[in-house]
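S.K.: Got a sequence here, can you model it:
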Amino acid sequence: MTAPKPLAGADLCVHCGFCTQACPTYLTLDDENDSPRGRIVLMKAIADGSLAVADPAAALHLDQCLGCRACETACPSGVPYGHLLEETRAKMVERRPLSLPTRVLLYVFATPTLAAAFFSAGRALRALGLAALLSRLPGRIGIMMATLAVSHRARARDYRPRAGTPSREDVAVLQGCVMEGLLAPVNRATERTLAYNGYRIVSSPGQKCCGALHAHAGARDAARALARENIAAFEASGAAYVAVNSAGCGAAMKEYDHLLADDEEWSARARTFASRVRDVSELLAAAGPIQAAGQPRKLAVDHPCHLQHAQRLTDPPAKLLAALRLTDAHDLPDASSCCGAAGLYSLENPGLSQRILAPKMASIAASGADCVATGNPGCMMHIGAGLLRAGSRVSVRHPVELLDEAYSREANV
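M.R.: Residues are numbered from 1 along each chain as shown. Next comes the predicted model:
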């Protein structure tokens, strides 16, 4: 009989408890099993065979984890919690299949033709006003419709780099599934702002969904297949960097080397690829970025978990927003706390997701802001849906959209 394989990195946890006050589910549920250190105990027990992989109680507590990785920022011992969670969920999926809606969505996102049709239908619901109307319904349907209702319409902008702007490296932009499907203006703004700061935008045919949702859910084979296709596609583009405007996608792609570590054919290519992935804020910060006067507004800033906690990026996003020269832009008091979006979490765990979102809604209301800036599509739509359902007129924008808006106004004055 093969001996159980230990869970690499789990023994780094010394159960100090610093992670508990950073964990949204622990703070919401007040249950040790829903804290990072409690879940690590469960994951180690599953790994050593003392707890059944399909144990329903363990599954409940592990399913309720957002995977926000705030515990990693708080942890003094360097526990790789995100990797532990993904590995454990992958083991669990082998014995306990994912829910049918999740399996369907993951398959759709990984299949470009189906994804195009799916998001086209979503845009149609939005354009007809049905999404906004149905957002009043309770439960999953209302949440999903509200999410569609607040996704963006296209904004046509046309401006060119200034004469004398230094020429920089070639950059290929991840189009993404949700971003291109429902928030395409953010991709166009990303391309324009990078070009305005001297980067040369090159195309990357053949790129796919990044696989982040698949990896988080435990569907590792699908995540690995998508990673290989993306590595090949972006290698063929010849770009020096791959720009990503989705915090979750960027975190996943920067960890392709971990995802493909056991693949002899792809591991070295994955390491090289991961070293070339940059959040759009990193590239813009490296370029300056060029400053422009942003539209006067009271701006509240919220930090996506996978930007701050997984990628450990705080300075580049701050430099991007500083380029707007806004005098009234401030972090929300709980800006480093998860909003409850977490990929498909709000559909799998709608009640708990909304409880986690509630403090964020209260912070936004207390801030008096008329706009919230956050750099991740899931966060944008989840927070936006919460505001819509609350009857708020506060908008949610990606930081790069605000910079794009400022560049367009300045260039066309």
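
S.K.: my read: residue 245 touches residue 398, true?
M.R.: Yes - with contact defined as CB atoms under 8 Å, residue 245 counts as touching residue 398 (6.6 Å). Using the backbone N, CA and C atoms, a C-beta is placed for each residue, glycine as well.

S.K.: Have a look at those two and say which one is more surrounded.
M.R.: Using other CB atoms under 10 Å as the criterion, residue 245 and residue 398 rank with residue 245 on top: 29 against 26.

S.K.: Could I get the contacting residues of the more buried one?
M.R.: 173-174, 176, 179, 186-187, 190, 279-280, 375, 398, 400 (CB atoms under 8 Å, 6 or more residues apart in numbering).

S.K.: And residue 377, by the same measure?
M.R.: 176, 178-179, 182-183, 186, 246, 248, 398.

S.K.: One more pass at 7 Å, please.
M.R.: 178-179, 183, 246 (CB atoms under 7 Å, 6 or more residues apart in numbering).

S.K.: quick one: the strands in the protein?
M.R.: For the chain, applying DSSP state E gives strands covering 170-173, 200-202, 241-244, 277-279, 299-301, 329-331, 371-373, 395-397.

S.K.: Show the pLDDT at the residue positioned nearest the centre of the chain.
M.R.: By CA atoms, centre = their mean, the chain has its centre lying nearest to residue 248, at 2.6 Å. On the pLDDT scale, residue 248 is placed at 97.

S.K.: ok so, going back, so which of the contacts of residue 245 sit within helices?
M.R.: 179, 186-187, 190, 280, 400 (DSSP state H).

S.K.: got the contact list for the closest residue to residue 139 other than its chain neighbours?
M.R.: Spatial nearest neighbour of residue 139, chain neighbours left out: residue 350 (6.1 Å); criterion: CB to CB, 6 or more residues apart in numbering. Residues in contact with residue 350 (CB under 7 Å, 6+ apart) are 139-140, 143.

S.K.: same check, this time on residue 201
M.R.: 171, 173, 191, 194-195.

S.K.: for residue 304, same thing?
M.R.: 247, 374-376, 379.

S.K.: on that earlier part again, quick one: which of the contacts of residue 245 is the most crowded by neighbours?
M.R.: residue 375 leads the contacts of residue 245 on contacts (other CB under 10 Å) with 32 neighbours.

S.K.: Now that residue. Its backbone dihedrals?
M.R.: phi -100, psi 50 (degrees, to the nearest 10).

S.K.: any chance of the contacts of residue 304 in a markdown table, plus distance to residue 366?
M.R.: Below are those laid out as a markdown table (distance: CB to CB, whole Å):
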| residue | distance to residue 366 |
| --- | --- |
| 247 | 24 |
| 374 | 17 |
| 375 | 22 |
| 376 | 22 |
| 379 | 19 |
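
S.K.: quick one: which of those residues has the most company?
M.R.: That'd be residue 375 among the contacts of residue 304, by other CB under 10 Å, with 32 neighbours.

S.K.: Please verify my assumption that residue 122 contacts residue 148.
M.R.: Yes - contact criterion CB atoms under 7 Å: residue 122 and residue 148 qualify, at 5.0 Å.

S.K.: Name the spans of the stretch 51-200 of the chain whose pLDDT lies under the cut-off.
M.R.: Along the stretch 51-200 of the chain, segments meeting pLDDT under 70 span 152-156.

S.K.: any chance you could map the helices in it?
M.R.: 56-63, 70-74, 81-95, 100-110, 112-127, 130-134, 139-149, 178-182, 184-196 (DSSP state H, counting those that start in this stretch).

S.K.: Need these in JSON lines (columns: distance to residue 334).
M.R.: Putting these into JSON lines (distance: least, CB to CB, whole Å) gives the following:
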{"stretch": "helix 56-63", "distance to residue 334": "23"}
{"stretch": "helix 70-74", "distance to residue 334": "11"}
{"stretch": "helix 81-95", "distance to residue 334": "20"}
{"stretch": "helix 100-110", "distance to residue 334": "28"}
{"stretch": "helix 112-127", "distance to residue 334": "29"}
{"stretch": "helix 130-134", "distance to residue 334": "27"}
{"stretch": "helix 139-149", "distance to residue 334": "21"}
{"stretch": "helix 178-182", "distance to residue 334": "24"}
{"stretch": "helix 184-196", "distance to residue 334": "24"}
